[in-house]
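Novice: Need a 3D model of the sequence below.
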Amino acid sequence: MPAVIVTDSTASLPPELAVERGIVVVPLQVVIGATVYDEGADGATPELVAAALREWKPVSTSRPSPAALLEVYEQAARDGATEIVSVHLSGEMSGTYESAQLAARDASVRVVPVDTRQVGVATGFAVLAAADVLDAGGTADEAAAAARARAEATSSLFYVDTLEYLRRGGRIGAAAALFGGALAVKPLLQIEDGTVASLERVRTSGRALARLEELAVQAAGEADVDVCVAHLASPERAGQLAERLGQRLEANLGGREVWCGELGAVLGAHVGPGMIAVCVAPRL
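Specialist: Model (predicted):
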């Protein structure tokens, strides 16, 4: 086991896929009221977070500590790893990458931290690009470069019913949230240079989702892509969007389907119920 990949739970990798690829997943935490949960099926689930947000309970999130990541690195070293590639969500959005940098200084094996400057499934696709490089016999540095390259080429687009949850979490300015609420607009957003940026504002949710579809098709172009539709407490709308995208991008997907699933609990805590996201990741 010359090199191992570590990532965090916001990458939204299915547990069975992580095990199959030998990827170690470190959970972030969700705090609801005074109770702390690890993100995952046995802790903070999207359903739990969506219910808490609807009831306006206090919901916050927490990064893994440097000590927790160091223990993960040391366990990998004890299991035979000689190098580690630690791939995480945007350092602009979370302190997880900083924790990885701090833990790497004290690790007994070399650790290459990677800030994907992405979130959610976009980070997951970057992780899988790194895993492909290692499986092909590449080095840790080559795997880290592949993760960064795929993350940079990926488009992360999303719709939210309201900007209020992003404002409460400090991910978008209060003025933007007020502007959106006052005009009853439906915001389309994107991840740009590691942060949430405004893309377009439309008047209805139907129009917003139609534009999200068009923007995803434009982002795919003629490339061979992986596409994921994620949602929080909006399975019907997400499923319909995934089906339409699958039909329109059939030639680009090379026989693969558009994956559709629920957004992780940590990211869901910041965007709120009704959120729909599309991730378009060109294959390198």
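
Novice: Kindly state the domain boundaries assigned to the protein.
Specialist: 3-28+63-152, 155-282 (automatic domain parsing).

Novice: got JSON lines for those domains, with distance to Leu53, mean neighbour count and mean pLDDT too?
Specialist: For every residue, glycine as well, the C-beta is placed using N, CA and C. Converted to JSON lines, the domains of the chain look like this (distance: least, CB to CB, whole Å; neighbours: other CB atoms under 10 Å; pLDDT from 0 to 100):
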{"stretch": "domain 3-28+63-152", "distance to Leu53": "17", "mean neighbour count": "21", "mean pLDDT": "97"}
{"stretch": "domain 155-282", "distance to Leu53": "5", "mean neighbour count": "19", "mean pLDDT": "88"}
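
Novice: closest to Thr45 out of the ones you listed?
Specialist: Among those, domain 155-282 comes nearest to Thr45, with 5.8 Å by CB to CB.

Novice: tell me the phi and psi of Ala129?
Specialist: phi -60, psi -40 (degrees, to the nearest 10).

Novice: Would you mind confirming that it makes contact with Leu284?
Specialist: Yes. Counting by CB atoms under 8 Å, Ala129 touches Leu284, with 6.1 Å between them.

Novice: tell me, what's touching the two both at once?
Specialist: The contact sets of Ala129 and Leu284 overlap at Ala146, Ala149, Arg150 (CB atoms under 8 Å, 6 or more residues apart in numbering).

Novice: Next, format those as TSV and append distance to Thr10 and secondary structure.
Specialist: Output for the shared contacts of Ala129 and Leu284, formatted as TSV (distance: CB to CB, whole Å; DSSP: H, G, I helix; E, B strand; the rest coil):
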residue	distance to Thr10	secondary structure
Ala146	19	helix
Ala149	20	helix
Arg150	16	helix
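
Novice: just curious, which of these is nearest to Glu16?
Specialist: Nearest member of the shared contacts of Ala129 and Leu284 to Glu16, counting by CB to CB, is Arg150, at 21.6 Å.

Novice: show me the contacts for the residue nearest to that closest one when sequence neighbours are not counted.
Specialist: Nearest in space to Arg150, with sequence neighbours left out and distances taken as CB to CB, 6 or more residues apart in numbering, is Ala129 at 4.1 Å. Counting by CB under 8 Å, 6+ apart, Ala129 touches Ala146, Ala147, Ala149, Arg150, Leu284.
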